[in-house]
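A.B. asks: Got a predicted structure here, sequence first:
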Amino acid sequence: MSEVLMDIQNLSKHFTVETNLLGKPVSVLKAVDDVSLTIDKGEAFGLVGESGCGKTTLGKILVNLYSPTSGKLFFEGKELTALNDKQRRSYCKDIQMIFQDPYASLNPRMTIGDIIAEPIIINHLLPTSKVEERVIYLLNCVGLAQHQRNRYPHEFSGGQRQRVGIARALAVEPKLIVCDEPVSALDVSIQAQVLNLLDDLKEEFGLTYLFIAHGLNVVKHISDRVGVMYLGKLMEIAPKMELYANPLHPYTQALLSAIPIINPEKKKERIILEGDVPSPIDPPSGCRFYSRCFKKQDHCKLNAPVLKEVSPEHWVACHLFGK
Amino acid sequence: MLLEVNNLKTEFKLKHGTVRAVDDISFTIDKGEILAIVGESGSGKSVTSLSIMGLLQKPGRIAGGEILFKSQDLNKLSQQELQKIRGNEISMIFQEPMTSLNPVWRIKDQIMENITTHMKISRKDALARTIKMLDTVGIPSPADRANDYPHQMSGGMRQRVMIAMALSCEPELLIADEPTTALDVTIQAQILELLYNMREKFNMAVLLITHDLGVVSEAADRVIVMYCGKIVEEADVKSLFKHPLHPYTVGLLNSIPQIDDDSDKRLYMIKGMVPNPLHMPPGCSFSDRCDRCMERCTKEVPELQEIDGHKVRCFLYDEGKEGELKAI
């Protein structure tokens, strides 16, 4: 079957909020807590969740912007977490990231040509004489004109800037691209353009995506498999058709039912969750979703459910399933 | 009829020329109705709401038209007279609850300020009313939470506080400018439900400004689609989504990935981007992005015409509905 490109095993990232006099942590924010998943070569894995669920932190660990507190990362069978900084660097080229905010992620004092050329030069991928040719090729790939390479980011619109961010990620010929909310800052008509571009590039360069977003409709459009996160934990993983047709976890059900449908004649039954997402600082020991769950039972408060495969490829972390 | 906007024009005088952000728009809102204005960034939807509230900042100014609220032209009132209406008969909630609440005041003081400004009422009664309002919008243990500062609350809670404040004087018109855009979907569902219930409870009209067609479809009675400062289409919510007429509306609807669509087809794209307001194309402002653009569209500006109660600004419909487009 398909080859595993990225294997994430029991990954955690904890941030210390407060320490006592001896420097021991007394209050810990568990942004990502014991998450395991695999991403196959050539697939788009969608990761959804509300703000604060840890999806961006997970993405940043993959591109080595954060180092994990515990857990292992295997990329093409090589354990990344066992490498030292210098060795790890050589893998950074293979895993690139596209950021949410196209305004904040481009250096305003560099021309976009220089922005795209920088990773090529740093990684010594091409002799200096060939760099410009490559930059022009990349600009064409993402639908920008070559004469635009001497302009600065502020001269571009949001959608165009996101294209520059995509070209920069492509510059080093990555195998995996972490797309962190790449379209949520864009207008609807521009959003469709960027989504189609990402689809085309995936085909053309044989890319693998980890697609992080909170818009479930966008994730459904682009992904092959989808994972749902809540407060640092993975709640459910399934192929997208299965997940959207047959969501098992109460949180996934609520999330899906909360999306407004564009059809005023089709009023659907809506599960309205009570309250807000609790703070990820010192979360309770039981199920993370306990405080808002509409199917909660007494033992959910005490025991945290683990992710179990309840039907082929469909994994759920809930006591209601897989007994 | 509660609010009637006639030929409103709002301009911004800039160094390089004048931008007409709102260009000759007219609409009405009835009592108890939810009217949605939908459009992308730069379409003039927020400027419309600020013009109604008299909150335009320089260099913006209203260049023409009238805003009749209960047959009284808001544009002709002095600031003092307007102050009596704002927050009392018309109130507004904003997109970012954090930036529109005062961070150094307690919640209760901010809501009480509005109540005591508009009503002759003792502080004790005002506090009781504040707590009752917080309870109405679904804040748990309202008497305790009233003492909180905005930073102690979550985004959804803050938006509820904003709504409580806006409704504290039982306004007849609520202007909600992107009330759910900064919120997560599960919280968005809560807030939309709340707005809906409040409308029923107080029988107030809502002018809902949003870019999210999903929210429009869930909440609105009637919809106005704006593009580059002009109304391009206006209809009741059912016929707009069933038979969108303007190519822009059709394009918008088709470019959104649908949650109940299982096919893997490519998304429809509206080509290009919103034109620079200083360099608008001559003729129809959508002509440079339109798939159905005709020669005439690049020369003349189409008028808003009405076909069976459904208004559209497009030359395709000069001979009635025959040119109707296929949506989705």
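C.D. replies: Arrived safely.

A.B. asks: in the stretch 51-200 of chain A, what residue is nearest chain B?
C.D. replies: The nearest approach of the stretch 51-200 of chain A to chain B comes at residue A:192, 3.6 Å away (Cβ to the nearest Cβ). Heads up, the C-betas are built off the backbone N, CA and C, glycines and all.

A.B. asks: Does that residue touch residue B:255 like I think?
C.D. replies: Yes: the pair residue A:192 and residue B:255 qualifies as a contact (Cβ atoms under 8 Å) at a distance of 3.6 Å.

A.B. asks: list residues touching both of these two?
C.D. replies: Counting by Cβ atoms under 8 Å, 6 or more residues apart in numbering or on different chains, the common neighbours of residue A:192 and residue B:255 are B:267-270.

A.B. asks: got these as a markdown table, with neighbour count, distance to residue A:142 and pLDDT columns?
C.D. replies: As requested, those are arranged in a markdown table below (neighbours: other Cβ atoms under 10 Å in any protein chain shown; distance: Cβ to Cβ, whole Å; pLDDT from 0 to 100):
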| residue | neighbour count | distance to residue A:142 | pLDDT |
| --- | --- | --- | --- |
| B:267 | 19 | 17 | 86 |
| B:268 | 17 | 20 | 89 |
| B:269 | 19 | 14 | 87 |
| B:270 | 24 | 18 | 89 |
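
A.B. asks: As JSON lines, these with distance to residue B:62 and secondary structure would be great.
C.D. replies: Converted to JSON lines, the shared contacts of residue A:192 and residue B:255 look like this (distance: Cβ to Cβ, whole Å; DSSP: H, G, I helix; E, B strand; the rest coil):
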{"residue": "B:267", "distance to residue B:62": "38", "secondary structure": "coil"}
{"residue": "B:268", "distance to residue B:62": "37", "secondary structure": "coil"}
{"residue": "B:269", "distance to residue B:62": "36", "secondary structure": "coil"}
{"residue": "B:270", "distance to residue B:62": "30", "secondary structure": "coil"}
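
A.B. asks: between those residues, which is nearest residue B:207?
C.D. replies: Within those, distances to residue B:207 taken as Cβ to Cβ reach their minimum at residue B:270, with 25.8 Å.

A.B. asks: Roughly how far does the closest one sit from chain A?
C.D. replies: Taking Cβ to the nearest Cβ, to the nearest Å as the measure, residue B:270 and chain A are separated by 4 Å.

A.B. asks: quick one: contacts for that residue?
C.D. replies: Residue B:270 sits next to A:189, A:192-193, B:248, B:251-252, B:255, B:289 when contact means Cβ under 8 Å, 6+ apart.

A.B. asks: For the residues you listed, work out which two are farthest apart.
C.D. replies: Across the contacts of residue B:270, the two lying at the largest distance from each other (Cβ to Cβ) are A:193 and B:248, at 15.1 Å.

A.B. asks: quick one: which of those two has more around it?
C.D. replies: Remark: of residue A:193 and residue B:248, residue B:248 carries more neighbours, 27 against 24, as counted by other Cβ atoms under 10 Å in any protein chain shown.

A.B. asks: what about the more buried one, which SS state?
C.D. replies: For residue B:248, the secondary-structure state derived from DSSP: H, G, I helix; E, B strand; the rest coil is helix.

A.B. asks: Provide a list of residues in contact with it.
C.D. replies: Contacts of residue B:248 were listed using Cβ under 8 Å, 6+ apart, and they are B:225, B:227, B:232-233, B:270, B:286, B:289-290.

A.B. asks: Closest to chain A out of these?
C.D. replies: The shortest gap between chain A and any of those belongs to residue B:270, at 4.1 Å (Cβ to the nearest Cβ).

A.B. asks: Now do the contacts for the residue in the stretch 151-300 of chain A that chain B sits nearest to.
C.D. replies: Among residues of the stretch 151-300 of chain A, the one nearest chain B by Cβ to the nearest Cβ turns out to be residue A:260. It sits 3.2 Å away. Taking Cβ under 8 Å, 6+ apart, we find residue A:260 in contact with B:188, B:192, B:212, B:214-215, B:217-218.

A.B. asks: just to confirm, which helix or strand has whichever residue of the stretch 101-250 of chain B sits closest to chain A in it?
C.D. replies: Shortest the stretch 101-250 of chain B-to-chain A distance, computed as Cβ to the nearest Cβ: residue-wise this is residue B:214, at 3.2 Å. Taking DSSP states H and E as the definition, one finds residue B:214 inside helix B:213-219.

A.B. asks: wait, does the helix or strand that that helix is followed by contact chain A?
C.D. replies: Toward the C-terminal end, the helix or strand that comes next after helix B:213-219 (DSSP H and E) is strand B:222-227. No: for a cut-off given as Cβ under 8 Å from any Cβ of the partner chain, strand B:222-227 has no contacts with chain A; the smallest distance is 9.4 Å.

A.B. asks: tell me how far the helix or strand following strand B:222-227 is from the chain's mean position?
C.D. replies: Toward the C-terminal end, the helix or strand that comes next after strand B:222-227 (DSSP H and E) is strand B:230-236. Mean-position distance between strand B:230-236 and its chain equals 13 Å (Cα atoms, centre = their mean, to the nearest Å).

A.B. asks: ranges for the strands of the stretch 51-200 of chain B?
C.D. replies: Assignment of strands within the stretch 51-200 of chain B using DSSP state E, counting those that start in this stretch yields the ranges B:60-69, B:72-73, B:90-93, B:173-177.

A.B. asks: closest to chain A out of those?
C.D. replies: Shortest distance between chain A and the strands of the stretch 51-200 of chain B, using Cβ to the nearest Cβ, is found for strand B:173-177: 14.9 Å.
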